[in-house]
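Participant: Sequence plus the predicted model coming up.
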Amino acid sequence: MQVRKQFPFASFEPVWQRHWLENSTFRAANPGEPGSEKPKYYALDMFPYPSGAGLHVGHPEGYTATDIVCRYKRMKGFNVLHPMGWDAFGLPAEQYAVQTGTHPRITTETNIANFRRQIQALGFSYDWSREINTTDPAYYKWTQWIFIQLYKKGLAYVSHAPVWYCPALGTVLANEEVLPTPEGPRSERGNHPVERRPLRQWMLKITAYAERLLNDLDQLDWPESLKEMQRNWIGRSEGAEVKFMVDSSDDVITVFTTRPDTLFGATYMVLSPEHPLVGKLTTPEQQAAVQKYKAEVANKSDLERTDLAKEKSGVFTGAYAINPVNEAKIPIWIADYVLMGYGTGAIMAVPAHDERDHEFASIYLLPIIEVVRPLIGHPEYVEGSETASAAAFTGPGIAVNSDLLNGLPTDEAKARMISWLEETGLGARRIQYKLRDWLFSRQRYWGEPFPVIWNGDQHEVLSESDLPLTLPELDDYKPSPEGLAPLAKAKEWLAVSEGRTRETNTMPQWAGSSWYYLRYCDPQNSHQLIDPAIEKYWMGEKGVDLYIGGAEHAVLHLLYARFWHKVLFDLGIVSTPEPFHKLVNQGIILGEDNRKMSKAWGNVVNPDDVIAEFGADSLRLFEMFMGPLEQMKPWSTSGTEGVYRFLGRVWRLIMEEDQEGHWHFAPAKVTDAAPSDDLQRSVHAAIQKVTHDIEKLQFNTAISALMILVNDLTKETVRPRAAIETLILLLAPFAPHMAEELWHQLGHPKTLAYEPWPVAEARYLVKSEVEIVFQVNGKVRGHVSVAPGSTKETVEPLAKALPAFAEWTAGKSIKKVIFVPDKLINFVVG
RNA sequence: GCCGGUGUGGUGAAAUGGCAGACACGACAGACUCAAAAUCUGUUAUACGCAAGUAUGUGGGGGUUCAAGUCCCUCCACCGGCACCA
């Protein structure tokens, strides 16, 4: 069925897309090139993983937002960097290769071609000469180069931490790919049993940057919620480490505590089951019980271990420790509520003032000693209370039963105890982070190979001149049964020389995306990651000026990229400590049924279909008109029709259709006469509103301002050219194809991409009269029209002359008159 | 449990403490048409009323103020994140 279109978008949209490409309209000038004398503006989209499914309508939301800003900034005289590329390493292409034998490179190339076609069909103003692809050896050469720098700075190291391994699938699984079942942990895919295996892994020491990653958040223009998520993830806490001697032994157990003031209340200790001292401490009588418990814990997934609902469990080791402050002999237990990965993997348990310790002590009947008394007036304060209550008191209070600390408030008691520990050498002030080092290796094929050579247990990195180290060709991409990465099969590639072999792991997908924004600045540089002068120009001062992407990357990607950036900053390669000055998360677009878009619900909207029916401009416009950018909102087909009709009205302002159905410019609809005062006010009000709203990324209200202007213009039978041209320029960032086409129809030979942005002039915005609200006791009872800027003395008599005034104030006296110039006059009566 | 966010017409949503519902969608009515589509015009928070109008109304309750969707306290619901981090 051929539905008649409101305007011939299908014929002019591709024409302009080709025009922009062929004329390199959006090429950004690097330093030294003409155009680079302008101030720079760098707007970045989170580059996509090119999946086989293609684009969905969620992708263009953020892309459209940045595109509007970029087109606007160009018209404001900025040299704009707006690039696009592909985060193309990743699992789906590799799994497809395992199944079909198709090289992931082939799959990736096909998918990229499709993504590029879809993105170009939306008319985004990307500088395609800067397109990058993380799987391109010319790109990952520099990812490997960064790894070498990390290695040389001692920020990359090898660990043998246990990871989940599935023998049936022949692969290592991520934590979230393992599910707890009644039969034990199973793989999410296939429900096969999985086990913990210690495998050789590369780690990056992101923890060395914890403090800076935390502190520098303050200077960023990011959503507060996102900064808070990163702060929580880094998880800084202040406290002390304390040394406990093991009774009748030379062994020392060091613990971390945030409450050194409660040391006198420590009645037992708990080690994580994986703690290295457990085997040595355990007495022969307890050996069997401890071994059994450790075995149970070893096969629990993290999910099970951290399930708060379950009752705490643990086993006594038979050994005792000496509390350094009072020489008390306290039992040492192991329990899985103490995690090896945090602090020292051991705690002093203070059941009176820690909920977890209290719960554990209640189950195993361990002593509870109160050492902090709530302040008088505190809800938990009990008059004359000497015994520990039924629940732990975790708040601040006054130290009791604590010798040198007695009577001190919690803050002072902490400080006092730390000084004492430092004087006696039994402990020290310590800052602890939740943040763990970054597990940086994967047992995959489709990733960056490590530029690392092994010689027995010794490792070294390749020389920089040997980069890139490219991936070898393989016959099949399955991991080996022993849990080795697929690269272990590339025997020739693997062997460097006698006894020296290559690393078989590859880097995770996060690697390529941790620095891609830098490469866009200087994408073809073969001898440097980025030229210093170019870096200074594009990344100087604030780095990326605007970064828009999904909130799902709130922590990992954005933390990893910030970490690498700081390392590069320390190396003098970049000139700012932070990569992304302003960051905005676009909201998720839901299906028309208000559910998350998914194949399972059958509510996925494909941009190709929307473009075929309404055109790219309509899609762009609707994505922005739906609501605030940051907000989650449902798709609506009728809403799309609404903005499509709006564009049709714009088109018909100056175009008309002939008998054959062809559209032509209609000179009779346009006049060179000056706009009326009313129209002039509409035009300048629109300029003001659209400009303001684009700056604040409030595109929905900017579009409604354009609609109001178009409604005003529609009412005129003949439209002043000046007004029409201003409208077209204001519309250009949102609906660039139509704007270019109409601009062209009006006789302009050149693209409008670099036309100066219209300026709102105050003299056109002043009204000849304003309507003042007349209120009695805060309720609207009428209106008075006066000249703008009228004083209270002018307005008050006018208001009093209103019939409504007498009606509503009859029999009452005026107590007060509130006057807000040009807004309202309010009579308070009683 | 903790942290963050959001609650406004039938729907998506607007609103520097100053006329709540801009702009759209949908619905209804009218114009054009043989008819329909498209387009154009008008109406459209709720209740009462023929109407002018009056009252009520921004998740619930309370407060500050001449004036509260907006500020404060409290409760509820939903969404997102974290979750034995000592």
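Facilitator: Now that the structure is in, tell me what you want to look at. Being a predicted model, the structure only gives us computed values, none of them experimental. Numbering: from 1, shown residues only, chains lettered A, B, ... in the order given.

Participant: CA only for contacts and neighbour counts going forward, please
Facilitator: Noted.

Participant: Would you mark the buried spots in the helix or strand hosting A:Asn114?
Facilitator: According to DSSP states H and E, A:Asn114 maps onto helix A:104-120. Using 16 or more other Cα atoms under 10 Å as the test for burial, helix A:104-120 gives A:104-105, A:107-108, A:111-112, A:114-116, A:118-120.

Participant: what's the answer for stretch A:446-461, then?
Facilitator: By neighbour count, with 16+ other Cα under 10 Å as the criterion, the buried positions of stretch A:446-461 are A:446-454, A:459, A:461.

Participant: For RNA strand B, what's the nearest residue on the stretch 101-250 of chain A?
Facilitator: A:Ser225 (3.6 Å; Cα to the nearest atom of the strand).

Participant: Ignore what I typed, I meant chain A.
Facilitator: Per Cα to the nearest atom of the strand, A:Thr257 is where chain A lies closest to RNA strand B, at 2.8 Å.

Participant: Surely that residue is in contact with A:Ile347?
Facilitator: Yes - A:Thr257 sits in contact with A:Ile347 when judged by Cα atoms under 8 Å, with a separation of 7.2 Å.

Participant: Number of residues surrounding the residue of chain A closest to RNA strand B?
Facilitator: Here the neighbour count serves as a burial measure; for A:Thr257 (other Cα atoms under 10 Å) it reads 25.

Participant: In contact with it, which residues?
Facilitator: With contact taken as Cα atoms under 8 Å, 6 or more residues apart in numbering, A:Thr257 is in contact with A:239-242, A:347-348.

Participant: now with 6 Å?
Facilitator: Residues near A:Thr257 by Cα atoms under 6 Å, 6 or more residues apart in numbering: A:239-240.

Participant: Find me the pLDDT at it, would you?
Facilitator: Note on A:Thr257: pLDDT of 95.

Participant: likewise A:Arg356?
Facilitator: In this model, A:Arg356 is scored at 91, pLDDT.

Participant: hmm, the helix or strand hosting it in reach of RNA strand B?
Facilitator: Under the assignment given by DSSP H and E, the secondary-structure element containing A:Arg356 is helix A:355-364. Yes - Helix A:355-364 comes into contact with RNA strand B (Cα under 7 Å from any atom of the strand), by way of A:Arg356.

Participant: who does that helix touch, helix- and strand-wise?
Facilitator: Applying 3 or more Cα pairs under 6 Å, 6 or more residues apart in numbering; DSSP states H and E, we find helix A:355-364 packed against no helix or strand.

Participant: How far off centre is it?
Facilitator: Taking the mean of its C-alpha atoms, helix A:355-364 sits 38 Å from the chain's own mean (Cα atoms, centre = their mean, to the nearest Å).

Participant: List the buried residues for that helix?
Facilitator: Buried residues in helix A:355-364 (16+ other Cα under 10 Å): A:356-361.

Participant: what's the answer for stretch A:818-826, then?
Facilitator: Within stretch A:818-826, the residues scored as buried using 16+ other Cα under 10 Å are A:819, A:822, A:824-826.

Participant: Likewise for stretch A:647-663?
Facilitator: Under 16+ other Cα under 10 Å, the buried positions of stretch A:647-663 are A:647-656.

Participant: got a list of contacts for it?
Facilitator: Around stretch A:647-663, the neighbours that count as contacts under Cα under 6 Å, 6+ apart are A:6-7, A:664-666, A:669.

Participant: now the helices: where do they sit in the stretch 51-200 of chain A?
Facilitator: Along the stretch 51-200 of chain A, the segments classed as helices by DSSP state H, counting those that start in this stretch run A:59-75, A:91-100, A:104-120, A:137-152.

Participant: Sorry, wrong one. I was asking about the stretch 401-550 of chain A.
Facilitator: With helices called from DSSP H, counting those that start in this stretch, the stretch 401-550 of chain A shows them at A:410-424, A:491-494, A:510-513, A:516-519, A:532-539.

Participant: With the stretch 551-700 of chain A instead?
Facilitator: Under the criterion DSSP H, counting those that start in this stretch, the stretch 551-700 of chain A carries helices at the ranges A:556-570, A:607-614, A:616-625, A:637-654, A:677-695, A:699-715.

Participant: A:Arg444 versus A:Gln95, what's the distance?
Facilitator: With distances defined as Cα to Cα, to the nearest Å, the gap from A:Gln95 to A:Arg444 amounts to 10 Å.

Participant: do A:Asp261 as well
Facilitator: The span separating A:Asp261 from A:Arg444 equals 49 Å under the rule Cα to Cα.

Participant: These two: which is more packed in?
Facilitator: Looking at A:Asp261 and A:Arg444 with other Cα under 10 Å, you find the greater number of neighbours at A:Asp261, namely 29 against 26.

Participant: Correct me if wrong: the more buried one contacts A:Lys414.
Facilitator: Yes - shown here, A:Asp261 and A:Lys414 form a contact pair, counting by Cα atoms under 6 Å, at 4.6 Å.

Participant: Contacts only, for A:Ala289.
Facilitator: Contacts for A:Ala289 were tallied using Cα under 6 Å, 6+ apart; there are none.

Participant: what's the helix or strand for it?
Facilitator: A:Ala289 belongs to helix A:287-298 when assigned by DSSP H and E.

Participant: Show me the shaky parts of chain A.
Facilitator: Judged by pLDDT under 70, chain A has its weakly predicted residues at A:1-3, A:169-185, A:187-190, A:300-309, A:376-389, A:481-483.

Participant: Quick check: closest non-adjacent residue to the spatially most central residue of it.
Facilitator: Nearest residue to the geometric centre of chain A (Cα atoms, centre = their mean): A:Ala554, 2.8 Å. Leaving aside its chain neighbours, A:Ala554 sits nearest to A:Leu226 (6.1 Å; criterion: Cα to Cα, 6 or more residues apart in numbering).

Participant: got it, and A:Lys542?
Facilitator: The spatially closest residue to A:Lys542, leaving aside those adjacent along the chain, is A:His581, at 5.4 Å (Cα to Cα, 6+ apart).

Participant: re earlier: what's the distance between the residue nearest to A:Ala554 and A:Val555?
Facilitator: Look at A:Leu226 and A:Val555: by Cα to Cα, they are 8 Å apart.

Participant: repeat for A:Asn299
Facilitator: In this structure, A:Asn299 and A:Val555 are separated by 28 Å, where distance is defined by Cα to Cα.
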